[in-house]
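> Sequence below, structure please.
(one chain, ligands or ions: 1)
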Amino acid sequence: MELAAYRKWASPWELRNCWPRLGLASVPYKSWEPLRGGRPEDMEPSRVTGVLGPAGQLLLLLCIQTLAVKAVDTCPEVKLVGLEGSDKLSILQGCPGLPGAAGPKGDAGVNGERGVPGAPGAPGKAGPPGPKGDRGERGERGDKGEPGSRQFCDTAPRTCKELLTRGHFLSGWYTIHLPDCRPLSVLCDMETDGGGWTVFQRRSDGSVDFFRDWATYKQGFGSQLGEFWLGNDNVHTLTAQALQTEGPVLSPHGLSAPGTNELRVDLVDFEGNHQFAKYASFRVAGEAEKYKLVLGAFVGGSAGDSLTYHNDQPFSTKDQDNDSNSENCAERYQGGWWYSSCHSSSLNGLYLRGSHETYANGVNWKSGKGYNYSYKVSEMKMRPV
Ligand SMILES: [Ca+2]
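Residues are numbered from 1 along each chain as shown. Below you'll find the model as predicted:
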């Protein structure tokens, strides 16, 4: 049977609904493309049957019959409309066609407006540390720092003589540095005999008690404003310092550091008369040797020599009798000194203000004004030679 015979029941459009049932969807489009516009509903039936073969034609026939039956069940609907009671117009209302194919997809709509940002969420937990960054560029050079202690110590003044060399011409208290870098305040006499003297003992007004024990003489006592004892440890350190650099060696800062200190004793009585005594060298041993006095030759002075007698004698105080007398010389003459048996000088004795009746317990210098005259001013000072 020719397929075309059924076109009176089925429109080409209805016929198209049979194609999927016949598996025609798998028929290559190009096999019917050459027909008008290539649309399935316009397909030439003969061409279709040629494509389908005998079995396909039978299936197509059954499909079209089904379509026809469905159409009969529901369509057409005949309506008789009367026109002014005479003529009758019969209107055969055809069946509604099957839904057309879906139209082409419309253009995309305009994007909606951006929504209002939502509230910020709770902070998340910190992630694991990231990998180490690359090394940064080298920073600029920093400001110059404070001098290092060691370097500063190497260039700091060690003695009053050094201070004088550096232009400190006024007598007074200065800070010098010991070999172990410890700072020490000392009274520098920058006027007497060329200056540069480090004063380690001074009496001037009786304001300070010199009848002290071993420990006090060891550490020093008194006041920068008047009378004082610099301390046996300090005097030892200052004189040992010179000993360590014995000979014309050069210190780190290029100044000559002679190995010996000379000693000068200055005395002033209450009439204003000055006397002095000078010794070529002076050293005080350490505490292990009881701060023994190591004195060089007397080299002159109006006061005469009243100290050589004490050379090589240990220091004694009221609580430490190191003298060679059966008695306690320090106790008896009320001072701390290098007593032997007992003394020819005792500049740490009682401040008795000039002449005194008591025997040898004042600020005495035997070769000067004897055992019964206590000087107004006494100064013991050292200077590197
Ligand atoms: Ca004794």
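
> Quick check on Ser346: phi, psi?
For Ser346, the backbone dihedrals (degrees, to the nearest 10) come out as phi -150, psi 70.

> Find me the pLDDT at it, would you?
Ser346 carries a pLDDT value of 98.

> Contacts only, for it.
Going by C-beta atoms under 8 Å, 6 or more residues apart in numbering, Ser346 touches 333, 335, 337, 339, 360-364. Every residue, glycine included, has its C-beta placed from N, CA and C.

> Cross those residues against strands and list the overlap.
Under the assignment DSSP state E, these contribute Asn364 to strands.

> Format the contacts of Ser346 as JSON lines; extra columns: pLDDT.
Converted to JSON lines, those look like this (pLDDT from 0 to 100):
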{"residue": "Tyr333", "pLDDT": "98"}
{"residue": "Gly335", "pLDDT": "98"}
{"residue": "Trp337", "pLDDT": "98"}
{"residue": "Tyr339", "pLDDT": "98"}
{"residue": "Ala360", "pLDDT": "98"}
{"residue": "Asn361", "pLDDT": "98"}
{"residue": "Gly362", "pLDDT": "98"}
{"residue": "Val363", "pLDDT": "98"}
{"residue": "Asn364", "pLDDT": "98"}
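
> between the contacts of Ser346, which has the most around it?
Tallying neighbours with other C-beta atoms under 10 Å puts Asn364 at the head of the contacts of Ser346, with 29 neighbours.

> That one touches Gly349, doesn't it?
Yes. Counting by C-beta atoms under 8 Å, Asn364 touches Gly349, with 6.0 Å between them.

> Now the common contact residues for those two.
Common neighbours of Asn364 and Gly349 (criterion: C-beta under 8 Å, 6+ apart): Ser374.

> This structure: helices as residue ranges?
Listed in chain order, the helices of the chain (DSSP state H) span 12-16, 45-74, 149-155, 160-165, 214-219, 232-244, 329-333, 366-369.

> contacting residues around the last one?
For helix 366-369, contacts defined as C-beta under 8 Å, 6+ apart pick out 267, 269, 275, 277, 302-306, 343-345, 375.

> Among those, which ones lie close to the ion?
Counting by C-beta under 5 Å from the ion, nothing from the contacts of helix 366-369 sits close to the ion.

> Report the buried members of those residues.
267, 269, 275, 277, 303-306, 343-345, 375 (16 or more other C-beta atoms under 10 Å).

> I'd like the distance between the nearest residue to Thr175 once chain neighbours are set aside and the ion.
In this structure, Thr175 finds its nearest non-sequential neighbour in Pro183, 4.9 Å apart by C-beta to C-beta, 6 or more residues apart in numbering. For Pro183, the distance to the ion (C-beta to the ion, to the nearest Å) stands at 37 Å.

> Give me the neighbour count for Pro183.
When neighbours are counted by other C-beta under 10 Å, Pro183 comes out with 11.

> which residues sit in contact with Gly127?
Going by C-beta under 8 Å, 6+ apart, Gly127 touches no other residue.

> For it, grab phi and psi.
Backbone geometry at Gly127, expressed as degrees, to the nearest 10, gives phi -80, psi 170.

> Near the ion, which residues of the stretch 251-385 of the chain are found?
The stretch 251-385 of the chain has residues 321, 323, 325 near the ion, with proximity defined as C-beta under 5 Å from the ion.

> Any chance of those residues in JSON lines with distance to Pro384 as columns?
Listed next are these as JSON lines, based on distance: C-beta to C-beta, whole Å:
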{"residue": "Asp321", "distance to Pro384": "33"}
{"residue": "Asp323", "distance to Pro384": "30"}
{"residue": "Asn325", "distance to Pro384": "34"}
